[in-house]
Structures are given as structure tokens and as C-alpha cells.
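Chemist: I'd like to go over a predicted model; first the sequence, then the structure.
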Amino acid sequence: MTSLPIVDPELRPLLDAWPTVTLTPDGLTVLRARELPLPPVPDCGVDYDRRAVPGPAVAPDIMLHIYRPRDATGPLGCIYHIHGGGYVAGAAKDLEFRHRPLAAELGCVIVSVDYRLAPETVFPGAIEDCYAGLAWTHANAPDLGIDPARIGVMGESAGGGLAAALALMARDRGGPAIAFQHLTYPMIDDRTCVKPPHAHAGEFIWTSHNNRFGWAALLGQEPGGDGISPYAAAARAEDLAGLPPTFLMSGALDLFVDEDIEYARRLIAAGIATELHVHPGAFHGFDLMAGPGVANRAHAMRLDALRRGLT
């Protein structure tokens, strides 16, 4: 059975431009070197800076990519962004084409973090890198022209999983206050590897095989067992109280759709202001390219939520 007949027709060209890759240890280098057909990077009147800042204790420095509207005055809200890539690939620079216009349109600063990838670095390396970058951003907010009370976290896929885990870690450590969490098809539950979602989910882009590969690489063990930290898989957290207002978006054909809906349900039950959108006919990464109607609608929803979160 294939779910192709229920894919939104406007999204089908993206499947040709971005074919599904089966992850293997030998193929990981190829995946990391793959160049996606991304649009050109616009200037948009946004300045760009790279800063090497201290990483976690006894770990290397981390790189932050900072975007700020050139003519902006006064302290601005900030999106602390974490890139996706299944915990094994991706880089902050890959989304510069998105970050420049987003910073311009929202009138905000965007700080995007490069974290250590698995399997070279297993948990908790990536989340500790993300926490160190957030703590540095908060501590240096005045110098960056950022309002420390208006810093939210955002991520897609594995980046969404790290953003959700970061919100939990900041809450539990009494760390920097997070104004909102903005999660796009987040990868938050390793148990999906042993309890897959509905039959139409996960055929395209990010498959069950790739999911197991990514989680095993991050955890350094097979996923789905006991004792997995919620800072690795946020859905493992027993208590979701005290988390920031949440925007969560997924596609109906995304492998993560069930875990994302369940996380949203639990946030709502914990009293967290939560906005959930599930887009019909949409697979993992469907919003990467502008153009298709469903992608544009999703982008408009995200912009609206971010604008409200940054006020």
C-alpha cells in the first residue's frame, strides 16, 4: 500500500525534488553532503553574524548564527532556533534562506545554534550544546539588542525535539525563562520506533527505518526501551506543567503525527496554552519550499503564532 493517492497534489513535485534517502552508517557522509534544491538567500535588510561561544563544561565551543534587522532599534524579541536533521545531519546555515526574511518580517533577532551531531556525539551532547547557547544568548541579551523576557525556542523535526527538550531542561534547572515553544513536526518520542503510527504515515522523506537509525545514533542504544531521559525524548517527561505556550504543527502523513498529537493533548491537559495544526495530505518537511497552497497556509499559521509569541 502506498499513501501517494492521499498526498496533497500540490506537494507531489517536492517528492521528486527531495527523494527519500535510506540512512546507513556508510551513507551518512553522503546524506550530510547532499545539497537540497533550496531557494537563494535574500538580503532583506538583515545583518548576519557568527559567534563562537562557550559550550558545555569540558566540551568544545559552539557556533551561533545571529540575524538582526539592520535598522531595528530598541530591544527586540528573539527566536532561538534549532535545526533539524534526524539528530545525525543538518546545519544552522542550511536555513539562512528562511532566517533572513523571517527576521525582517517579524522584526526580531534569530539566533540559530549548531550542535554536535550523532552518532559521533551521543546524548546529552546535543541538548547540552543547545542549553549552553540559550544561556549565553540570555546572558548577553543587552549586547545583542534582545529583550530577555521575549526569547522563544523553535525547531523543526529533530530541532523541534531539541526545542521541546530544551524547554523542559530550562524549566527543571531554573534556567532562562522561555516565552514560547514553536515546534514543527517535532521528533519527540523514541517509542514510535516500536509502536508506529497509522498505516499512511512515514512513507516519504522520514521513514521508520530512518527514525530508528536517528534515535539509535542519538541514544547510543536501541530506542523504545526503559530509562530514556526526557531531555533526549521530550514525550518521556511525566510532568508537562510549567512549560511555555506552545505552537505545534505536523502533517497527517508525517511519521511523527501520532506522537505530536499526543504531546499536544498532554500539554493541554497540563494547562499549557497549546495550538495544534495537522495538515491533511502533508508529509514530513512539506513546508520546506514555498509555493504549494498547503505549505503557504502552514507558513502563514506559523508566522501568526510567532508574531503573537514575540509580543
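Modeler: Cool, got the structure. The structure displayed is predicted, hence computed values, not measured ones. Numbering: from 1, shown residues only.
Chemist: What are the buried residues along the longest strand along the chain?
Modeler: When the chain is parsed with DSSP state E, its longest strand is strand 146-156. Using 16 or more other C-beta atoms under 10 Å as the test for burial, strand 146-156 gives 146-148, 150-156. Backbone N, C-alpha and C define where each C-beta goes, glycine included.
Chemist: Now do it, average pLDDT.
Modeler: Strand 146-156 shows a mean pLDDT of 98.
Chemist: That one packs against which elements?
Modeler: Counting contacts by 3 or more C-beta pairs under 8 Å, 6 or more residues apart in numbering; DSSP states H and E, the secondary-structure elements packed against strand 146-156 are strand 76-82, helix 125-139, helix 141-144, helix 158-173, strand 181-184, helix 293-310.
Chemist: try 6 Å
Modeler: Under the contact definition 3 or more C-beta pairs under 6 Å, 6 or more residues apart in numbering; DSSP states H and E, strand 146-156 sits against strand 76-82, helix 158-173, strand 181-184.
Chemist: Tell me where this protein has helices.
Modeler: If DSSP state H is used as the criterion, the helices of the chain fall at 12-17, 28-33, 96-106, 125-139, 141-144, 158-173, 208-219, 257-269, 293-310.
Chemist: To Val58, which of these lies closest?
Modeler: In terms of C-beta to C-beta, the element of the helices of the chain nearest to Val58 is helix 125-139, at 10.5 Å.
Chemist: and the closest one with helix 208-219, angle?
Modeler: Relative orientation of helix 125-139 versus helix 208-219 (axes from the mean of the first three to the mean of the last three C-alpha atoms, to 10 degrees): 70 degrees.
Chemist: Could you give the average pLDDT over helix 125-139?
Modeler: For helix 125-139, the per-residue pLDDT values average out at 98.
Chemist: what's the answer for stretch 22-34, then?
Modeler: 87.
Chemist: measure it end to end?
Modeler: Stretch 22-34 has an end-to-end distance of 13 Å (C-alpha to C-alpha, to the nearest Å).
Chemist: Could you pull out the buried residues of it?
Modeler: Within stretch 22-34, the residues that count as buried by 16+ other C-beta under 10 Å are 23, 28, 31.
Chemist: Single out the most deeply packed of the helices of the chain.
Modeler: helix 158-173 (a mean of 25; mean count of other C-beta atoms under 10 Å).
Chemist: quick one, that one and helix 125-139 angle?
Modeler: An angle of 60 degrees separates the directions of helix 158-173 and helix 125-139 when computed by the same axes, to 10 degrees.
Chemist: Setting the sequence-adjacent residues aside, check what's closest to Ala52.
Modeler: In this structure, Ala52 finds its nearest non-sequential neighbour in Asp61, 4.5 Å apart by C-beta to C-beta, 6 or more residues apart in numbering.
Chemist: sorry, back to before: can you lay out the helices of the chain as a markdown table showing distance to Tyr67?
Modeler: Conversion of those to a markdown table gives the following (distance: least, C-beta to C-beta, whole Å):
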| stretch | distance to Tyr67 |
| --- | --- |
| helix 12-17 | 25 |
| helix 28-33 | 23 |
| helix 96-106 | 4 |
| helix 125-139 | 13 |
| helix 141-144 | 11 |
| helix 158-173 | 16 |
| helix 208-219 | 27 |
| helix 257-269 | 27 |
| helix 293-310 | 14 |
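Chemist: Show me where the stretch 101-250 of the chain dips below the pLDDT cut-off.
Modeler: Filtered on pLDDT under 70, the stretch 101-250 of the chain yields no residues whatsoever.
Chemist: Distance to Glu275 added to the helices and strands packed on strand 146-156, as JSON lines?
Modeler: Formatted as JSON lines, the entries for those read as follows, by distance: least, C-beta to C-beta, whole Å:
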{"stretch": "strand 76-82", "distance to Glu275": "16"}
{"stretch": "helix 158-173", "distance to Glu275": "14"}
{"stretch": "strand 181-184", "distance to Glu275": "10"}
